[in-house]
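Novice: Here's my sequence, what's the structure:
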Amino acid sequence: MHATGNCSFDFIYGLPGQTIEGFEEDLKQAVALGVKHVSLYGLKIDEGCYFAQNPPENLPDADAQADMYLKAVEILTQNGYEHYEISNFALDGYQSRHNMNYWANGTYYGFGAAAHGYHGGVRYSNTSNLQDYIANPLKRESEHILSTQEQLEEEIFLGFRRIKGINTQTINEKFGIDFDDKYAEVLAKYPSHILKTEQGYRLSPEGILLSNTILAEFLLGPLSSV
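Specialist: Predicted coordinates for the structure are as follows:
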């Protein structure tokens, strides 16, 4: 059997009882099938959900999850998949254009009940009631106008998810700042995790594993007006 056309597989790792050997075998089967795109998601149990109160047995710990992620990077990149975003890998020409727009902090429109959109610095959602949506599809249930600081933070947060990282010249011109100066403390705090590139900065492999912690520094960092 061989995958035809544009086929993508999504994997969750860190499942109850899952081993790195079993996960490795799953990935190798995906490669053998010739899938064009692979997305990886580490299992995360949110507070307040059923499994937070009733935790499954034999859950791999954080170190085991990290090992699974690194093994996936190794297997996929060795088999010709570009690691173009923290959780996404693709054969040449099969990167997700839909999601690349998200990570570039681009505009997108929400069509349908409960759909979300982003346009002109405004994030919005449609009503989740189907009859109300049919009666007035242009009426929005909620809107949030992002401040300049919020737009800057999203530009950084989303940009760092891309393996190539952020373009500081673009950010500086767009928001009228000096990135290196504004975030000097954060950059100095993680010299081996945030690496300098020709265009700006990117996360190292170790930085990717700590991405949530590192990126939170930018969100909680300097909040002066820009």
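Novice: Output the contacting helices and strands for the longest helix along the chain.
Specialist: Looking across the chain with DSSP state H, the single longest helix is helix 62-78. Helix 62-78 sits against strand 8-13, helix 20-33, strand 37-42, strand 82-85, strand 88-90, helix 205-209, with contacts defined as 3 or more C-beta pairs under 8 Å, 6 or more residues apart in numbering; DSSP states H and E. C-beta: built from backbone N, CA, C; applies to glycine.
Novice: Pipe these into a markdown table and attach distance to residue 187, mean neighbour count and mean pLDDT per row.
Specialist: Shown next, in a markdown table, are these (distance: least, C-beta to C-beta, whole Å; neighbours: other C-beta atoms under 10 Å; pLDDT from 0 to 100):
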| stretch | distance to residue 187 | mean neighbour count | mean pLDDT |
| --- | --- | --- | --- |
| strand 8-13 | 30 | 16 | 95 |
| helix 20-33 | 33 | 16 | 95 |
| strand 37-42 | 26 | 18 | 95 |
| strand 82-85 | 22 | 18 | 96 |
| strand 88-90 | 25 | 25 | 96 |
| helix 205-209 | 12 | 17 | 91 |
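Novice: Residue 170: which of these is closest?
Specialist: strand 82-85 (17.8 Å; C-beta to C-beta).
Novice: Only C-alpha atoms, please: export the closest one in PDB.
Specialist: This file holds the C-alpha atoms of strand 82-85, laid out as PDB (Å, rounded to 0.1, in the frame of the first residue of the first chain):
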ATOM      1  CA  GLU A  82      11.600  19.300   5.900                       C
ATOM      2  CA  HIS A  83      11.100  20.300   9.500                       C
ATOM      3  CA  TYR A  84       9.600  23.700   8.800                       C
ATOM      4  CA  GLU A  85       7.600  24.300  11.900                       C
END
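Novice: From the contact counts, what lies against it?
Specialist: Short answer (3+ C-beta pairs under 8 Å, 6+ apart): strand 82-85 packs on helix 62-78, strand 88-90, helix 97-103.
Novice: Ok, which of those comes nearest residue 207?
Specialist: With C-beta to C-beta as the criterion, residue 207 lies closest to helix 62-78 of the helices and strands packed on strand 82-85, at 12.6 Å.
Novice: Report the angle between that closest one and helix 20-33.
Specialist: Orientation of helix 62-78 against helix 20-33 (axes from the mean of the first three to the mean of the last three C-alpha atoms, to 10 degrees) gives an angle of 20 degrees.
Novice: In helix 62-78, which residues are buried?
Specialist: Buried residues in helix 62-78, counted by 16 or more other C-beta atoms under 10 Å: 64, 65, 66, 68, 69, 71, 72, 73, 75, 76.
Novice: residues near residue 47, how many?
Specialist: Per other C-beta atoms under 10 Å, the neighbour tally for residue 47 reads 6.
Novice: hmm, back to that, between the helices and strands packed on strand 82-85, which one is closest to residue 9.
Specialist: Evaluated over the helices and strands packed on strand 82-85, closeness to residue 9 peaks at strand 88-90, with 9.9 Å, by C-beta to C-beta.
Novice: shaky segments in this protein?
Specialist: 1-4, 220-226 (pLDDT under 70).
Novice: Show me what stretch 114-129 is in contact with.
Specialist: Applying C-beta atoms under 8 Å, 6 or more residues apart in numbering, the contact partners of stretch 114-129 are 107-110, 112-113, 133, 137, 139-146, 151.
Novice: ok, how many other residues are close to the residue lying closest to residue 65 once chain neighbours are set aside?
Specialist: In this structure, residue 65 finds its nearest non-sequential neighbour in residue 14, 4.3 Å apart by C-beta to C-beta, 6 or more residues apart in numbering. Neighbourhood size, residue 14 [other C-beta under 10 Å]: 20.
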